[in-house]
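Visitor: Fold the following.
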Amino acid sequence: MEPIRVGIVGVGNCASSLVQGLEYFRTLRNEAVGLPFDSLGGYTPRDIEVSCAFDVDTRKVGRDISEAVFCEPNCTEKFWPQIPGKDVAVIRGKTLDGVASNMADAPAPNAFRVSDEPEPSEDDVVRQLQDSKTNVIINFLPVGSQEASEFYAQCSLRSGAAFINAIPVFLAGNESWRERFRTSGLPILGDDFKAQIGATIVQRAISRLFDMRGAKLDRSYQLNVGGNTDFLNMMNDERLTSKRQSKTEAVQSVLKERLNSEDIRIGPSDYVPWLKDRKTAHMRLEGRVFGGAPVNIEVRLDVEDSPNAAAMALTAIRCAKIALDRNLSGSIDEVNGYLFKSPPETCLDEDAYERLLAFTEGNG
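Guide: Numbering: from 1, shown residues only. Model (predicted):
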């Protein structure tokens, strides 16, 4: 089986956790912790290698990916900091809407310092993807990067690579983009990773419990704070809309009876610099049990944000390659429901788990 050659768009905290994770699982193998699936369709994390990477921050552009993932403003946990050189230099990417207006004025080290190297054209990026033999592209751009995400999706189509949209802009969920990938004979996975043990999956599970046990959920909220650049980026309200929509729909979609919009509030709430990559989520669910007696549930979740997403990335990358091997195209719905908050086709998490396994075993 040929290696899975991954192009990374956006060398931020999620990319750092992913690159560290590749070395972690390659070195520790059976002693490693936290991998949802060791083998999928015959592929393990040891079959994945980084082929190219794109970013716009001058502190990362030109550096080997093994160094760039630890450059500021990245602040995620260094659980495997000794990464050998990959001979893969981070390439100056296309800016477009990939940098929020408030990022340049942020206090150091979180301020973006956009490289003064010339921006690449679409032809330049496509050539790089083809020359590096990239067969899977993963989009880790900041929330709200609609134009930039569409730019790289178009490059993916032209280069012949599968595309994974890890962020809450809607590509796999957009019929036009799904059709473009279908007609090009390429798979697209998305949108917006549902973290391994994150606020969304926890709140979905508790919300589902109300229906399974015959209780009535009346109202709910989820308030998130964090200190990485993702939270700083989302302090710009214009970039927050798609994230709030993605997280809210992820919860609404598991309920037998949807909550009124005024009774549910879910999404990032504030930026606390000293939290760095740690995310704290506060969830409250209010409802009624037998006889209308009140029941209230409060949960506080504290988790390192980016490794939580990287676990899903390792799964998505392998599923994308399986889809390529089988000449599948368009949205890969058999895996999207398990991996993403906003898949084109929603399903319950227990069903999504079984569908993904059936797909990777060739039965989907």
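Visitor: State the phi and psi torsions of residue 73.
Guide: Note on residue 73: its backbone torsions stand at phi -90, psi 10 [degrees, to the nearest 10].
Visitor: which residue packs closest to it, ignoring adjacent ones?
Guide: Closest residue in space to residue 73, ignoring its immediate chain neighbours: residue 110 at 4.5 Å, by C-beta to C-beta, 6 or more residues apart in numbering. The C-beta positions use only the backbone N, C-alpha and C, and glycine is treated the same way.
Visitor: Dihedrals phi and psi, that neighbour?
Guide: Residue torsions, per degrees, to the nearest 10, at residue 110 are phi -80, psi -10.
Visitor: and if you look at residue 291?
Guide: The phi/psi pair for residue 291 (degrees, to the nearest 10) is phi 70, psi 10.
Visitor: Check which helices and strands the helix or strand encompassing residue 356 is in contact with.
Guide: Assessed by DSSP states H and E, residue 356 sits inside helix 349-360. On a contact count with 3 or more C-beta pairs under 8 Å, 6 or more residues apart in numbering; DSSP states H and E, helix 349-360 meets helix 199-212, helix 305-325, helix 333-339.
Visitor: mind listing what's buried in that helix?
Guide: Applying a neighbour-count criterion of 16 or more other C-beta atoms under 10 Å, one finds 352, 355-357, 359-360 buried in helix 349-360.
Visitor: so where's the stretch 51-200 of the chain uncertain?
Guide: Across the stretch 51-200 of the chain, nothing is flagged by pLDDT under 70.
Visitor: let's see it at 80
Guide: Applying pLDDT under 80 to the stretch 51-200 of the chain flags residues 103-112.
Visitor: Let me see the ranges of the strands in it.
Guide: For the stretch 51-200 of the chain, the strands defined by DSSP state E, counting those that start in this stretch cover 91-92, 136-139, 162-165, 187-189.
Visitor: Run me through the strand neighbours of the second one, direction for each.
Guide: As defined by DSSP bridges, the strand partners of strand 136-139 come to strand 4-9 (parallel), strand 162-165 (parallel).
Visitor: got the contact list for the helix holding residue 356?
Guide: By C-beta atoms under 8 Å, 6 or more residues apart in numbering, the residues outside helix 349-360 that reach it are 37, 40-41, 201, 204-205, 208, 254, 315, 318-319, 322, 332, 334-335, 337-339, 347, 364.
Visitor: Give me the buried subset of those.
Guide: Neighbour counting over those (16+ other C-beta under 10 Å) leaves 37, 40-41, 201, 204, 208, 254, 315, 318-319, 322, 332, 334-335, 337-339, 347, 364 as the buried ones.
Visitor: For residue 22, give me its contacts.
Guide: The contact partners of residue 22, taken as C-beta under 8 Å, 6+ apart, are 45, 48-50, 314.
Visitor: What helix or strand is residue 232 located in?
Guide: Using DSSP H and E, the secondary-structure element containing residue 232 is helix 229-233.
Visitor: I figured residue 144 hits residue 97, correct?
Guide: Yes - Residue 144 lies in contact with residue 97 (C-beta atoms under 8 Å); the separation is 6.8 Å.
Visitor: got the angle for the helix holding residue 356 vs helix 199-212?
Guide: Counting by axes from the mean of the first three to the mean of the last three C-alpha atoms, to 10 degrees, helix 349-360 lies at 120 degrees to helix 199-212.
Visitor: what's the spacing between helix 349-360 and its chain's center?
Guide: Centre-to-centre, helix 349-360 and its host chain are 19 Å apart (C-alpha atoms, centre = their mean, to the nearest Å).
Visitor: what's the answer for stretch 299-313, then?
Guide: On the basis of C-alpha atoms, centre = their mean, stretch 299-313 sits 11 Å off its chain's mean C-alpha point.
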